[in-house]
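In: test case, fold it:
(one chain, ligands or ions: 3)
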Amino acid sequence: MGQLFKVAVLPGDGIGPEVMAEALKVLDAVEKKYDVKFERTHANVGGAGIDLEGRALPETTVNICKAADAILFGSVGGPKWETLPPDEQPERGALLPLRKIFGLYANLRPAIIFPSLTSASSLKEEVIAGGFDILVIRELTGGIYFSQPKGIEGAGRDRVGVDTMRYSVPEIERITHVAFQAARKRGKKVCSIDKANVLSTSVLWREIVINIAKEYPDVELSHMYVDNAAMQLVKWPKQFDVILCENMFGDILSDEAAMLTGSLGMLPSASLAEGTFGMYEPSGGSAPDIAGQGIANPIAQILSAGMMLRYSFGMIEAADAIDNAVARVLDQGYRTRDIYQEKAGEKLVNTKEIGDAIIAGL
Ligand SMILES: NC(=O)c1ccc[n+]([C@@H]2O[C@H](COP(=O)([O-])OP(=O)(O)OC[C@H]3O[C@@H](n4cnc5c(N)ncnc54)[C@H](O)[C@@H]3O)[C@@H](O)[C@H]2O)c1
Ligand SMILES: CC(C)[C@H](C(=O)O)[C@@H](O)C(=O)O
Ligand SMILES: [Mg+2]
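Out: Ligands and ions are numbered 1, 2, ... in the order given. Below is the predicted model of the structure:
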């Protein structure tokens, strides 16, 4: 009997359960091919948690996650729960607390353009010819998402909405190390994003990043203001290797980078704690506009499961096999609607069909 890994499976809302079903089929296929067993425990989260257990993050779900080696997460949220008090909604009531409870401070969002998908990108073919491979590293448990004070104060027209952005030196140091270590294994370039011409957190951020960079003389460091970075990403994405961002800048730039690859449905992510524990989820959301139709792109969820094998379970060969199977299926012309260009050689398929094709190629 080979290794056993415990996985907490949290499909969530909207397209979450639909794309999760395909990722679980991929895990079944990996079990058959490699000497490994994934013991999976399903738990409710987000709107599903509210509807079935009365809260977005039920205690049973937290306990299932605590007992697991990693969390495979779908996505949460949707119009049904948008009128609840903000802290009870799926995003603020479940996703953000999960990140905090498990110390998931390092969010890795790779935006890679598959050669056969260059025409699905929103950019001109000559801009992306030859492809690009960007890794957005987003700080995930600090900054404006979590700092206090936060809330709406006062009454009536005197109300004031308050959010605070704070970053401590250790918070900046640890995410910077993650970025430089990742860069060392790939293009050896880190571009640190900030708004140091305006924000004090950014002034401190830049100072600390420059200090840490001295420990990595083999990696080239550059700095860019976030507004310029948003522009440079669409102008010439190939200039980037690792992009290091604080929480909110990373949220925004990672969606932008994802779309350059053709669809938000292609972008996986890993949210890592110290050690090997992590939560793995698509960077996109529950896509209420297409939920329930069986047409969502499951590739982000499948690649997220691949990242789980790579980062939490050390199964590099199986993770590579998943990445390759996805690339092959795209080369063969399989397309869900979000990446379908109506070009010769393309086959329009649904969520399940592209999942089956990926498994067949494993
Ligand atoms: N990690 C998460 O759970 C997460 C992330 C982002 C948004 N959300 C939530 O999701 C809900 C919808 O948010 P939104 O509309 O701003 O963002 P979204 O990412 O759900 O959707 C944006 C667009 O991308 C498309 N899209 C996203 N994933 C796709 C996929 N796999 N296949 C095909 N198309 C896909 C959608 O159809 C939509 O047109 C909100 O409640 C939001 O808070 C959750
Ligand atoms: C749903 C929301 C809270 C979340 C975030 O802002 O972090 C999402 O946009 C993401 O990128 O994971
Ligand atoms: Mg986001």
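In: nearest the geometric middle of the chain, what residue?
Out: Ser269 (2.7 Å; Cα atoms, centre = their mean).
In: just checking, it touches Ala106?
Out: No - counting by Cβ atoms under 8 Å, Ser269 stays clear of Ala106, with 10.5 Å between them. Where C-beta positions appear, they are placed from N, C-alpha and C, glycine not excepted.
In: Ala48 is in what secondary structure piece?
Out: Using DSSP states H and E, Ala48 sits within helix 47-53.
In: tell me the helices and strands packed up against the next helix or strand after that helix.
Out: The helix or strand immediately downstream of helix 47-53 is helix 59-66, counting by DSSP H and E. Where contact means 3 or more Cβ pairs under 8 Å, 6 or more residues apart in numbering; DSSP states H and E, helix 59-66 is packed against strand 3-12, helix 47-53, helix 96-101.
In: could you point out which of these sits nearest Ser304?
Out: Proximity to Ser304, assessed across these by Cβ to Cβ, is greatest for strand 3-12 (11.8 Å).
In: so does the closest one get close to ligand 2?
Out: No - on the criterion Cβ under 6 Å from any ligand atom, strand 3-12 is out of touch with ligand 2, staying 10.5 Å away.
In: could I get the average pLDDT for that strand?
Out: Taken as a whole, strand 3-12 carries a mean pLDDT of 98.
In: could you point out the helix or strand that follows that strand?
Out: By DSSP H and E, the next helix or strand past strand 3-12 is helix 16-33.
In: next, the angle strand 3-12 makes with that following helix.
Out: Here the directions of helix 16-33 and strand 3-12 differ by 170 degrees (axes from the mean of the first three to the mean of the last three Cα atoms, to 10 degrees).
In: buried residues in the helix-or-strand element of the chain with minimal mean pLDDT?
Out: Counting by mean pLDDT, DSSP states H and E, the chain has its least confident helix or strand at helix 125-128, which shows a mean of 88. For helix 125-128, the neighbour count (16 or more other Cβ atoms under 10 Å) marks Ile128 as buried.
In: again, but for stretch 112-126
Out: 112-114, 116-118, 120-121, 123.
In: quick check, nearest of those to ligand 2?
Out: Nearest to ligand 2, judged by Cβ to the nearest ligand atom, of these is Ile112 at 17.7 Å.
In: apart from its neighbours in sequence, what residue is nearest that closest one?
Out: Closest residue to Ile112 apart from its sequence neighbours, by Cβ to Cβ, 6 or more residues apart in numbering: Asp133 at 4.8 Å.
In: who touches stretch 177-187?
Out: Under the contact criterion Cβ atoms under 8 Å, 6 or more residues apart in numbering, stretch 177-187 has outside partners 106, 108, 133, 135, 137, 189-190, 192, 212-213, 215-216, 218-219, 241-242, 244, 272.
In: one more time with 7 Å
Out: Under the contact criterion Cβ atoms under 7 Å, 6 or more residues apart in numbering, stretch 177-187 has outside partners 106, 135, 137, 189-190, 212-213, 216, 218-219, 241-242, 244.
In: for stretch 122-138, same thing?
Out: Stretch 122-138 is contacted by residues 106-113, 115, 118-119, 121, 175, 178-179, 182, 186, 234, 236-238, 240, 242-245, 247, 250-251, 253-254, 257, 259-260 when judged by Cβ under 7 Å, 6+ apart.
In: and ligand 2, which of those reach it?
Out: Okay, of the contacts of stretch 122-138 touching ligand 2 (Cβ under 6 Å from any ligand atom), that's Asp251.
In: show the buried residues in the contacts of stretch 122-138.
Out: For those, buried by 16+ other Cβ under 10 Å: 106-113, 118, 121, 175, 178-179, 182, 237, 240, 242-245, 247, 250-251, 253-254, 257, 259-260.
In: what ranges does the stretch 251-362 of the chain have for its strands?
Out: For the stretch 251-362 of the chain, applying DSSP state E, counting those that start in this stretch gives strands covering 270-272, 278-280, 334-335, 347-348.
In: now those as TSV including mean neighbour count, distance to Val30 and mean pLDDT?
Out: Output for the strands of the stretch 251-362 of the chain, formatted as TSV (neighbours: other Cβ atoms under 10 Å; distance: least, Cβ to Cβ, whole Å; pLDDT from 0 to 100):
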stretch	mean neighbour count	distance to Val30	mean pLDDT
strand 270-272	25	17	98
strand 278-280	27	14	98
strand 334-335	24	20	97
strand 347-348	14	25	97
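In: and those as CSV, adding distance to Ile358?
Out: Converted to CSV, those look like this (distance: least, Cβ to Cβ, whole Å):
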stretch, distance to Ile358
strand 270-272, 19
strand 278-280, 16
strand 334-335, 8
strand 347-348, 13
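In: any chance of a markdown table for those, columns distance to ligand 1?
Out: As requested, the strands of the stretch 251-362 of the chain are exported to a markdown table (distance: least, Cβ to the nearest ligand atom, whole Å):
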| stretch | distance to ligand 1 |
| --- | --- |
| strand 270-272 | 10 |
| strand 278-280 | 10 |
| strand 334-335 | 11 |
| strand 347-348 | 13 |
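In: nearest to Thr61, out of those?
Out: strand 278-280 (12.2 Å).
In: off-centre distance for that closest one?
Out: 9 Å (Cα atoms, centre = their mean, to the nearest Å).
In: partner strands of it and their direction?
Out: Strand 278-280 sits in its sheet next to strand 70-75 (parallel), strand 270-272 (antiparallel), going by DSSP bridges.
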